[in-house]
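> predicted model and sequence below, questions to follow.
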Amino acid sequence: MTKSYLPIAKISTQLLISSSSREAISRESNLQVVFILMASIILILFSSIAVFGAITSESENKMIAGKLHAEGLQHFNASQYREALDDWLKEFSHDDKNANTANNIGIAHRKLMQYSSALRYHKKSIELNPAFGKAYSCMGIVYYEMKDHEKALLWYQKALDLKFDPGGTHYNIGLVYWQLNDYEKAKIHTLKAIELKYNLAPSYAHLATIYSRLGDHKGTEIALRKSNEIRPSPQTQERLSLIAKRVKEERFSFVMRTIKTLLIAISAAGLLFLIIFSIVKNKEKISHLYKSKASYLLIAKRVIFVILILLVISITYASYSLGFIREASHDIAAALRNLVTFGAIGNADKIETYLQDKNPQIRKTAVKALSELREAQASVRIIRALYDEDPAVRKTAAEGLFSQEIPQAVPPLITRLKDRNPEVRGMAARTLGSLRDSRALEPLIAALDEKEPQARHWIIVAITGLYIYNKPPVDYILAALKSDNPDVREGAAEVLAELHAPGESVDLLVAVLKDESPMVRVKAAKALYYAKDPIVVPPLIEALKDKEADVRAQAASALIGRNDHRIYTPLAGTLGDSDPKTRRWAAQALGNMKDNRAVDSLISVLHDEDAAVIVSAIMALEEIKDRRAVGALAEALGHKDPKVRIRAALALGILQDRRAVEPLIESLMDDNPVVREKVLWALTSLTGKDLGKSQNAWKIWWVENKMRMQADKR
């Protein structure tokens, strides 16, 4: 925009120079020269104003974008990903050429498990800056979470080619190969990450796990010791002690087995010796056996005596062994420690023996240990645990099969969708989604009548994932939207919202806005937010009059981002709705329109009883940038709620009206440190001065500069 005015200024300057030359050459053309001179000055003046306006507008946009970026980071660091997403989307509307912002939006979408949107914004980031390595790495992370490991490797490699965070990228590639059970390549890349000094404690810990899968117990121990030296932790120390203990136990077990083998060999040799000795000693009697029955009895007695000795030895050893096993089975803590050790050294056969234990805690730990092995045979054993009598064991088994891509696990997991325990049902749904097997789609849709919120959430996530991965026809979910069961209709509408309302679903979603179930109407309105077809506007306007507050609020939210002249009047009327959430969304939608007609209505909302509504109204006034709001915003600096005062200070800094300086100086004594921080930012932005936190310093400066500042119409 700035560049378009610069040639005008250049031409005007040339005209000025040429006019001066003509004046020197001929006095007879004075009037013409004066006219040209005045025209040149006017052109220069207008071009300067235009350039200044463009620069000011660009500066304001960057300032707003910077503020929104910082707020987004605060929300993101507090795990408030939806709020962070809203902030960064607004930032992007002010600065849509910023590759970093587009990438941040993608990260927020990924945190919300909205993978298709995440990929879209990461690709947008790469379009804006093809050399932005972080965006390539983020693409790899999304595909990794989607279990598309081949694509994850492809994008990580591109990040490596751009030399983006080589250590972290090698570590991530190692994780991908770990998931692919290619432990040798996982080891190579993890060692490379360690060589590059990337996050050494976790890298060594992961390397230890890789070594354990490769059967390298010495390597496991060394890597664990390295990890513990860098960042000592009780878990690592426990693993080390368990491994050391297990090594001692194995040595002791080897010694005992050797002793037992020797005893058996000695017993057998002794028996053989006794038999041979008896035969040699009694050879004369044996030769006359048929003559004497007493010889039979003598030999029989000796044989029975030897057998009895061997029986006593066997019974004693068996009793000792059974007693040891019984004692160990009752020692739960010891059993759990053994399971951890067996898991660390990858001994599936040893772990399986604990799956039959009477204690459910031990069975649960055994299932968990098996799942960490990530071996096909271990997975088969986990599948059997899906039918355990204890729900905690069944849930752990379902969780243990997550992303293991074992086709035979799908039918048993489908049966767990009807488990009597909701946690098991939810975990089964989550795991089915991770397996990406289309056989699970119809059973999952049928399970949308789930009542328990967490289980229902995972069912919806699983269905959404299957649609994203497998791209089946939308007919399945549209059929569910026509179900007689309102819970199923609600779930189907929510899935369509997660899928961003594909085109073929819009007409049916519009019809569902009049469903008899309020929650179905809510989810339909939520889905229609993503439908940009203008035909959805009238039904959403009508939904603003719904008798249910949640429906009205969602309809107002769905109108955000639509610059349609038809929505202004209904939204302005909705500012007086009885529901605060509806008023809040209506204010945000009006601000997004940037329609100056809304200023007076939004100013009246600054007296709302709900602080969140006032904050939304202030943010809307920020978007519109009409200086008529300055007085009302200055008054809001005295509101009882600090969130309102914070937002008012930010808005006054953004509007750049010098009338705000005096009330802002008064607010430097606010009792809330965050308010004072934002007030100081606004003052610095308005005046171009940084006088620190001293109110007296600002007051003295204002007395000295008030007349000059007020003369400036800015």
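Right, received. Where do you want to start? Just so we're clear, the structure is a prediction, and the values are computed from it rather than from any experiment. Residues are numbered from 1 along each chain as shown.
> now G561, nearest residue through space, not along the chain?
Spatial nearest neighbour of G561, excluding adjacent residues (CB to CB, 6 or more residues apart in numbering): N592 at 5.8 Å. (C-beta placed from N, C-alpha, C; glycine too.)
> next helix or strand past the helix or strand containing T684?
Following DSSP states H and E, the helix or strand that holds T684 is helix 673-687. For helix 673-687, the succeeding helix or strand toward the C-terminus, using DSSP H and E, is helix 695-711.
> quick one, phi/psi of N129?
Here is the backbone geometry of N129 (degrees, to the nearest 10): phi -150, psi 90.
> right, and the residue nearest to G561 touches E623 too?
Yes: between N592 and E623 a contact is recorded at 6.4 Å, counting by CB atoms under 8 Å.
> what helix or strand is the residue nearest to G561 on?
With DSSP H and E as criterion, N592 is part of helix 580-593.
> distance between that helix and the chain's centre?
27 Å (CA atoms, centre = their mean, to the nearest Å).
> do the same with stretch 415-422
26 Å.
> what about it, how long is it end to end?
13 Å (CA to CA, to the nearest Å).
> what's the average pLDDT for it?
Here stretch 415-422 scores 94 as its mean pLDDT.
> report the contact partners of I468.
Counting by CB atoms under 8 Å, 6 or more residues apart in numbering, I468 touches 115-116, 146, 499.
> are any of those residues buried, and which?
115, 146, 499 (16 or more other CB atoms under 10 Å).
> need the residues you listed in CSV with secondary structure, can you?
Formatted as CSV, the buried ones among the contacts of I468 follow (DSSP: H, G, I helix; E, B strand; the rest coil):
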residue, secondary structure
Y115, helix
M146, coil
L499, coil
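> which of those lies closest to L413?
M146 (19.0 Å; CB to CB).
> where along the stretch 501-650 of the chain do the strands fall?
Assigned by DSSP state E, counting those that start in this stretch, the stretch 501-650 of the chain shows no strands.
> where does the protein have low pLDDT?
1-63, 234-254, 257, 260, 263-265, 267-348, 374-376, 710-714 (pLDDT under 70).
> ok, back up a step: show me which of the buried ones among the contacts of I468 is closest to D95.
Y115 (24.9 Å).
> before we move on, back to that, determine which two of the contacts of I468 are furthest apart.
The widest separation within those (CB to CB) is 14.6 Å, between M146 and L499.
> hang on, L432 packs against V410?
Yes: applying CB under 8 Å, one finds L432 in contact with V410, separated by 6.9 Å.
> contact partners of stretch 678-688?
Residues contacting stretch 678-688 (CB under 8 Å, 6+ apart): 63, 637, 646, 649-650, 652-654, 656-658, 660-661, 664-665, 667-668, 670, 689-693, 698, 701, 709.
> which residues does the most centrally placed residue in the chain contact?
Residue closest to the average C-alpha location in the chain (CA atoms, centre = their mean): K111, at 2.5 Å. Residues near K111 by CB under 8 Å, 6+ apart: 76, 81.
> just L432 next, same as before
410, 413-414, 417, 440, 443-444, 462.
> find the nearest non-adjacent residue to it, please.
Closest to L432 by CB to CB, 6+ apart is A440, at 4.1 Å.
> what about the one you found, neighbour count?
Using other CB atoms under 10 Å, A440 has 25 other residues around it.
> right, and it touches Y469 too?
No: counting by CB under 8 Å, A440 stays clear of Y469, with 11.2 Å between them.
> returning to that earlier point: relative to K581, how far out is the residue nearest to the centre of the chain?
23 Å (CB to CB, to the nearest Å).
> do L191 as well
53 Å.
> same deal with E352?
53 Å.
> is it correct that V536 is in contact with V512?
No: using CB under 8 Å, V536 is not in contact with V512; the gap is 11.8 Å.
> before we move on, back to that, overlap in contacts, L432 and V410.
Common neighbours of L432 and V410 (CB under 8 Å, 6+ apart) are A440.
> tell me which of the contacts of L432 fall in helices.
410, 413-414, 443-444, 462 (DSSP state H).
> how close does the residue nearest to M139 when sequence neighbours are not counted sit to L196?
Among residues not flanking M139 along the chain, W155 sits closest, at 4.1 Å (CB to CB, 6+ apart). As defined by CB to CB, W155 lies at a distance of 19 Å from L196.
> looking at these two, which is more packed in?
W155 (24 against 17).
> can you pull the contacts of the more buried one?
Contacts of W155 (CB under 8 Å, 6+ apart): 136-137, 139-140, 143.
> for the host helix or strand of it, buried residues please.
In this assignment (DSSP H and E), W155 forms part of helix 149-161. Buried residues in helix 149-161, counting neighbours by 16+ other CB under 10 Å, are found at 149, 151-153, 155-156, 158-160.
> and for stretch 596-604?
Buried-residue list, stretch 596-604, by 16+ other CB under 10 Å: 598-599, 601-603.
> sort out for me which of those residues are in helices.
Going by DSSP H, the helices hold 599, 601-603 from these.
> now render these as TSV, adding distance to A586.
TSV is the format used below for these (distance: CB to CB, whole Å):
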residue	distance to A586
V599	15
S601	9
L602	10
I603	15
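> quick check, nearest of those to L89?
Distances from L89 to those, taken by CB to CB, are shortest for L602, at 20.5 Å.
> tell me if I'm right that that closest one and L590 touch.
Yes: the pair formed by L602 and L590 meets the contact definition of CB under 8 Å, at 6.5 Å.
> tell me which helix or strand comes right after the one helix or strand S371 maps to.
Taking DSSP H and E as the definition, one finds S371 inside helix 360-373. Note on helix 360-373: by DSSP H and E, the next helix or strand toward the C-terminus is helix 376-385.
> now do that next one against helix 360-373, angle only.
150 degrees (axes from the mean of the first three to the mean of the last three CA atoms, to 10 degrees).
> show me what helix 376-385 is packed up against.
In terms of contacts (3 or more CB pairs under 8 Å, 6 or more residues apart in numbering; DSSP states H and E), helix 376-385 is packed against helix 348-352, helix 360-373, helix 391-400.
> who touches that helix?
If you take CB under 8 Å, 6+ apart as the criterion, helix 376-385 is touched by 348, 351-352, 355, 363, 367, 370-371, 393-394, 396-397, 400-401, 404, 406, 408-409, 412.
> what subset of these is buried?
Buried, going by 16+ other CB under 10 Å: 348, 351-352, 355, 363, 367, 370-371, 393-394, 396-397, 400-401, 404, 406, 409, 412, out of the contacts of helix 376-385.
> restrict the helix or strand where I665 lies to CA atoms and write it as CSV.
Assigned by DSSP H and E, I665 belongs to helix 661-666. Taking C-alpha atoms only, helix 661-666 is exported to CSV below (Å, rounded to 0.1, in the frame of the first residue of the first chain):
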residue,chain,number,x,y,z
VAL,A,661,-3.5,9.8,28.4
GLU,A,662,-4.8,11.4,31.6
PRO,A,663,-7.1,8.6,32.7
LEU,A,664,-4.3,6.1,32.0
ILE,A,665,-1.9,8.1,34.2
GLU,A,666,-4.5,7.9,37.0
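> so who does I259 touch?
With CB under 8 Å, 6+ apart, I259 has no contacts at all.
> no further questions, thank you.
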